[in-house]
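Q: okay, sequence plus prediction incoming.
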Amino acid sequence: MAYEVEPPKYLRLAQTLQRRIEDGTYAPGVRVPSENQLVQTFGMSRPTVVRALELLKRDGWLESRQGYGTIVRGHPTAAEDQDRRGQQALSRDESRAPGRLVEVGYVPVPKRVASVLGLPKRAKVLMRRFLVEDEGEPFELVSSYFPAGMVEGTDLESTEALSGSTREHLEARRKVRFDHVQERISARLPGPAEGELLDVPDGVPVLSVLVVACDASGQALQVSEVLLPADRQELEDSYRLS
C-alpha cells in the first residue's frame, strides 16, 4: 500500500526552480522568467507562482531588484544554516545524541499523523520516541511515526538506539530517498506521559512541530512530532527585506 501526501503546488514549483538554479540553468545574477511566463510554462495560477517565488526569496535563492525584476542570488549558505527542527529530527544519531530512547512500539495513529498518511483512525503505526536532553534537563520530545510499509527489513522496531539517523537507516535499508520536508507548527497541551517526560507543569502548553518527510513523489516516509516546552523556547528567524 502506498502512503502519499501530495506536496502543495507552490512547493513543487519552488523545488523545480531551485533545481534549475543549482544545475546552472538560472545562473547567479540572471533574471528569472516573469510571473506571466511561469504561469504559462507550468500551467499554474498566479497566486501559486507568487507564493513559490516568495518562498525562494525568503530562503535566499532569489531577490527582487526595483526596475529589473527577480534575479538569482546563487546558492544561499544561510538557508543551510537555519535552525530547522525537522532537519534535526531526521538527522539525529540516536546512539550519540544527548538524551535517550524512551519508547518503541506500535501505537494507534494520532489524528494529525493519520490525515497525513491517509490512514484510518484505528490503524497502528510504529513509534520511536526520543527525549532530547541538555545537560540532563529535558529539552524536546521527538515522536517519530513510520507506516508499516517502511518498517519491514529495518531495525526500527529495535528498542536499542540506532547507530545513525532514522533517515540514513531508511535510505540504506529501504532504498528510498528523502527529498523535502513540510513543517506545521501549533500549540497544544501535552498528554500525561509527554508532560512527565518534559517536566512540564499541568496547564503549561507545548509547541508542536509536525514534520512530514517525503520523497520526490510526495510519498510520506516518516512523520515526526517535535514537542517543545513553550515556557523554555524562543523561536527566532532572520531574513532579507526586498
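A: Nice, I can see it.

Q: every contact and neighbour count from this point should use C-alpha atoms.
A: Will do.

Q: domains in the chain, by residue range?
A: 9-79, 85-232 (automatic domain parsing).

Q: output the ones you listed as TSV; include the columns mean pLDDT.
A: TSV is the format used below for the domains of the chain (pLDDT from 0 to 100):
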stretch	mean pLDDT
domain 9-79	85
domain 85-232	91
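
Q: can you lay out those as CSV showing mean neighbour count?
A: Shown next, in CSV, are the domains of the chain (neighbours: other CA atoms under 10 Å):
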stretch, mean neighbour count
domain 9-79, 16
domain 85-232, 17
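
Q: what's the helix or strand for the residue nearest the centre of the chain?
A: With distances taken as CA atoms, centre = their mean, Val181 lies nearest the centre of the chain, 3.3 Å away. Here Val181 sits within strand 180-188, counting by DSSP states H and E.

Q: what is that strand packed up against?
A: strand 206-214 (3 or more CA pairs under 8 Å, 6 or more residues apart in numbering; DSSP states H and E).

Q: mind checking how far the strand it packs on is from the chain centre?
A: 7 Å (CA atoms, centre = their mean, to the nearest Å).

Q: next SSE downstream of it?
A: strand 220-229.

Q: okay, the angle between that following strand and strand 206-214?
A: 170 degrees (axes from the mean of the first three to the mean of the last three CA atoms, to 10 degrees).

Q: who's in contact with strand 220-229?
A: Contact with strand 220-229 is made by 3-5, 85-86, 89, 113, 116-117, 139-147, 150, 178, 198, 200, 204-215, as judged by CA atoms under 8 Å, 6 or more residues apart in numbering.

Q: where do the strands sit along the chain?
A: 62-65, 69-72, 99-108, 124-134, 137-146, 180-188, 206-214, 220-229 (DSSP state E).

Q: dump the ones you listed to a markdown table, plus distance to Arg167.
A: A markdown table is the format used below for the strands of the chain (distance: least, CA to CA, whole Å):
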| stretch | distance to Arg167 |
| --- | --- |
| strand 62-65 | 29 |
| strand 69-72 | 31 |
| strand 99-108 | 16 |
| strand 124-134 | 13 |
| strand 137-146 | 11 |
| strand 180-188 | 12 |
| strand 206-214 | 9 |
| strand 220-229 | 8 |
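
Q: quick one: which of those is nearest Ala172?
A: Closest of the strands of the chain to Ala172 is strand 220-229, at 13.1 Å (criterion: CA to CA).

Q: just the CA coordinates for that closest one, please, in PDB.
A: The C-alpha trace of strand 220-229 is given here as PDB (Å, rounded to 0.1, in the frame of the first residue of the first chain):
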ATOM      1  CA  ALA A 220       5.500  10.300   3.200                       C
ATOM      2  CA  LEU A 221       8.400   8.200   4.500                       C
ATOM      3  CA  GLN A 222       8.400   9.400   8.100                       C
ATOM      4  CA  VAL A 223       6.300  11.700  10.200                       C
ATOM      5  CA  SER A 224       7.700  13.100  13.400                       C
ATOM      6  CA  GLU A 225       6.200  15.400  16.100                       C
ATOM      7  CA  VAL A 226       8.700  17.500  18.000                       C
ATOM      8  CA  LEU A 227       7.300  18.800  21.300                       C
ATOM      9  CA  LEU A 228       9.000  21.800  22.900                       C
ATOM     10  CA  PRO A 229       8.000  23.200  26.300                       C
END
